[in-house]
Every structure is written in C-alpha cells, then in structure tokens.
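Chemist: Return a 3D structure for these sequence lines:
(4 chains)
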There are 2 protein chains.
Amino acid sequence: MHEKQALVAFAALSQETRLRIIRLLVKAGPEGMSAGTIGEAMDSASSSRMSFHLSHLEQAGLVESRREGRSIIYSAALATLSGLVEFLMRDCCQGHPEVCNPAVAALSSCCEPKKGAPHV
Amino acid sequence: MHEKQALVAFAALSQETRLRIIRLLVKAGPEGMSAGTIGEAMDSASSSRMSFHLSHLEQAGLVESRREGRSIIYSAALATLSGLVEFLMRDCCQGHPEVCNPAVAALSSCCEPKKGAPHV
DNA sequence: TCATTCTCTCAATAATTATTTAGATATTGA
DNA sequence: TCAATATCTAAATAATTATTGAGAGAATGA
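Modeler: The predicted structure is shown next:
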C-alpha cells in the first residue's frame, strides 16, 4: 500500500453512501451483491449515483466487480482493506504493544464466531 | 464508533498532509510532537495551514492536544483509530475467519518487535 | 513591561467532489 | 430482431473543502 492508494481509499470511504456500500459488501462476503441490490439497500439512490459511487470504490481498489448475466456483481476487496489498516497503523507501538493491542483485539474479535450480544 | 464519526475520521484521513501527520504521530507514540515540529516535518506547510489541519484532525477525534509552555503537543488517538478499524471490518467474515485473517495478521505484525528487514 | 516565540482564527479565493438529468451500452428472452 | 432489464457515461450545476495572507492571543525571559 502506497500513500496515494491510501489517500484515494480514505477519500472513497469518507462519503456516506460509499461507506455504507463497503460495509454492506464486507458483510456480504466474497459472493458479493449486484449493483441493483446494493442500490435498493441505499436510501434514494438513483442508478447513476450508485454507478458513480461504485466506480469510485472500484477505482480506489476497495471493491471488485464481475458481470453475471445482465447484472454486475460487486464484492469487497478485503486485501485492500487489510492493506489500509496496516498502512495506517504501521509502527504504531515501537515495541510497546500495549499501545496498539486494543486495535488488534478489535479486529480479531470480528473474526470470532459470535457469542451472545452482537457488536454495538 | 458511529457512522458519522467514521465519516469525519475518513474525511480527515483523505488529505495528504493530514494522513502524513497521523502516521507521524502514530510513530511518535503517546509522547506526541509539538505543532511546530510536525510542521517542520511537512513540506512547505505554513503555520496557518498546519493549524487548520491539526484542528481538523482533533475535531475528528484522531489526535489529542495539550499545552506545554509555548508549544501545543499533539498525539495520535489510538482508541479512535482502533474504533475505525473495528467499524470498517465489523462482521467481515461471517464465521469464515480465513477471509479477514490477513487483516488481523497485518495489524498484529505491527506490534511485534522488528526482526530483519523493515516494513515496505 | 516589552520583545520574542509559538500557535490559532478569520475572510477571501481556489480547487475538488457530489448530484441530477438525459441518454448510451450490454444482456436476455420472445 | 425487438422489447425489456440492468447498468454505465457525460455534461452541467450545486456543494464542500483547502490554501493563502493578515493579524490576534498566550507563554516566556530579559
């Protein structure tokens, strides 16, 4: 991950509709969702607006797309998201892991099977 | 972490000078750095520009400040950064940890004492 | 107190980004 | 091929964000 890629990715994530799309696709997993289905999940998003935001996200490397019949299916690019996290936190503790362990714990917990109450 | 906080944080991180400041402060650790010292580390940043960006970062909750004599010392708010990572990746694998383990590994590795070659 | 240092605030201008509207392209099935 | 569906592209306008330049406020030491 280079600085420019990171800047473009953060810019892409700093817009409400796009941030919602990414989170939706992160939850959807590798299967992904069609542009239309994503659009339905967003409030009042015209198809051109959706297309604008999806291509913005794709340019930023945060989503990938494939055509399936008439639909275009988008999925989250987890590798880019990982890279972004790593870029942001690189050298975060300079040998003092207690400084950034909370971040590691937060991320690790998302990978554990859920027990009891959901995340808040 | 709420959506609005996350949006503001990502917007703050999507500007070159501010992203550099955050990464500098993450490396600097809890001690932090004075506004002037940060400014010196940035190319051609006037004091008013630096002040604008630092207060933008503080508004976003990404840095904290304290006065020490004539200087104002800024440090990274690691808790906000952790929250941001957790917010972005929440429910990232739906029970299939192999999908997001690379992100966990990337972040974990930043907390290990360096061995051999530095990060690239 | 005065001069100096360090940092912040404000207003004007410049630059970037989002939304809307209209229309184009690709795929499918009759 | 034609009509229907799904999505994309492009141009104009609206909205947001960054930079500059001038100056103000707080802390320090002579």
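Chemist: C-alpha only now, for contacts and for neighbours.
Modeler: Will do.
Chemist: now the strands for chain A?
Modeler: Secondary structure of chain A by DSSP state E: the strands cover A:33-34, A:63-68, A:71-76.
Chemist: TSV for those, including distance to residue B:34, mean neighbour count and mean pLDDT?
Modeler: Listed next are the strands of chain A as TSV, based on distance: least, Cα to Cα, whole Å; neighbours: other Cα atoms under 10 Å in any protein chain shown; pLDDT from 0 to 100:
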stretch	distance to residue B:34	mean neighbour count	mean pLDDT
strand A:33-34	47	20	96
strand A:63-68	38	16	96
strand A:71-76	38	21	96
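Chemist: mind showing which ranges of chain A have poor pLDDT?
Modeler: Applying pLDDT under 70 to chain A flags the ranges A:44, A:95-96, A:99, A:110-120.
Chemist: DNA strand C: which of the strands of chain A is closest?
Modeler: Counting by Cα to the nearest atom of the strand, DNA strand C lies closest to strand A:63-68 out of those; the figure is 6.3 Å.
Chemist: Let me know the angle separating the closest one from strand A:71-76.
Modeler: Put simply, strand A:63-68 runs at 150 degrees to strand A:71-76, going by axes from the mean of the first three to the mean of the last three Cα atoms, to 10 degrees.
Chemist: ok, and the closest non-adjacent residue to the most centrally placed residue in chain A?
Modeler: Taking Cα atoms, centre = their mean as the criterion, residue A:22 is the residue nearest the geometric centre of chain A, at 3.9 Å. Distance criterion Cα to Cα, 6 or more residues apart in numbering or on different chains; nearest residue to residue A:22, sequence neighbours excluded, is residue A:76 at 6.5 Å.
Chemist: Could you verify my assumption that the one you found touches residue A:26?
Modeler: Yes: at 5.6 Å, residue A:76 and residue A:26 qualify as touching, with contact defined as Cα atoms under 8 Å.
Chemist: For chain A, what lies in contact range of DNA strand C?
Modeler: A:11-12, A:14-15, A:17, A:45-46, A:48-49, A:52-53, A:68-70 (Cα under 7 Å from any atom of the strand).
Chemist: And the residue of chain A that's closest to DNA strand D?
Modeler: Taking Cα to the nearest atom of the strand, DNA strand D has its nearest neighbour within chain A at residue A:36, 2.9 Å off.
Chemist: hmm, back to that, let's see if you can find the most crowded of the residues of chain A next to DNA strand C.
Modeler: residue A:12 (26 neighbours; other Cα atoms under 10 Å in any protein chain shown).
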